[in-house]
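1. Pasted the sequence and its predicted model underneath.
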Amino acid sequence: MRVKLAIGIAAIGVGLAATAVSVVAHHAFAAEFDANKPVEFTGTVTKMEWVNPHVWLHMNVKKADGTTETWAFEAGTPNVLFRRGFTKQSLLPGTEIKVDGYQAKDGTRRANGRDLTFADG
């Protein structure tokens, strides 16, 4: 009986440890984004991906030379955004916004979105 109990407790411990590792890895901002590379873009929403674990906001940004780039910003979880009043209808394609955040370490046009401001403030 004690052996079964010990095996059961060990299995629970291993399961919790494995879960904790994935949770810590998932929330490692510093692993993916560079806090020393702040970015600020004003542009037009092209798409919102309401997926777990984080919502992704895609927007077209006009560069100084007149060309357009598409950037993707990692936002909060769908649940957090809903609790803050955002819905799937809040940022429809064509909505003008400004996003502040931090660029991805790999240099791609991805960033962590820290603040979002609508065109009307």
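-> Cool, the structure landed. Numbers count the residues shown, from 1 in each chain.
2. dump the residue contacts of Ala104.
-> The neighbours of Ala104, taking CB atoms under 8 Å, 6 or more residues apart in numbering as the test, are 32-34, 110-112. Every residue, glycine included, has its C-beta placed from N, CA and C.
3. Any idea what the residue nearest to the spatial centre of the chain is bridged to?
-> Central residue of the chain (CA atoms, centre = their mean): Glu74, 2.5 Å from the mean position. Taking DSSP bridges as the rule, Glu74 bridges to Trp56, Asn112.
4. burial measure for Val39, as a count.
-> 21 (other CB atoms under 10 Å).
5. Surely it is in contact with Asp100?
-> Yes: at 7.3 Å, Val39 and Asp100 qualify as touching, with contact defined as CB atoms under 8 Å.
6. Only the buried subset of the contacts of Ala104, as a PyMOL command please.
-> Those of the contacts of Ala104 that count as buried under 16 or more other CB atoms under 10 Å are selected in PyMOL with:
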select buried, resi 33+34+110+111+112
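7. now for the contacts of Ala104, which pair is the farthest apart?
-> Asp34 and Arg110 (11.1 Å; CB to CB).
8. anything in contact with each of those two?
-> By CB under 8 Å, 6+ apart, the residues touching both Asp34 and Arg110 are 103-104.
9. Can you read off the pLDDT for Val61?
-> pLDDT, Val61: 97.
10. pull the helix or strand with minimum mean pLDDT from the chain.
-> Ranked by mean pLDDT, DSSP states H and E, the weakest helix or strand in the chain is helix 2-26, scoring a mean of 47.
11. what's around Thr87, how many residues?
-> There are 9 residues near Thr87, going by other CB under 10 Å.
12. ugh, typo on my part, it should be Gly85
-> Gly85: 7 neighbours (other CB under 10 Å).
13. Look up which helix or strand it falls in, please.
-> Assigned by DSSP states H and E, Gly85 belongs to neither a helix nor a strand.
14. In this structure, spot the strand with the most residues.
-> strand 33-49 (DSSP state E).
15. My guess is the residue nearest to the centre of the chain contacts Val51. True?
-> No: taking contacts as CB under 8 Å, Glu74 lies outside contact range of Val51: 10.8 Å.
16. Noted, bye for now.
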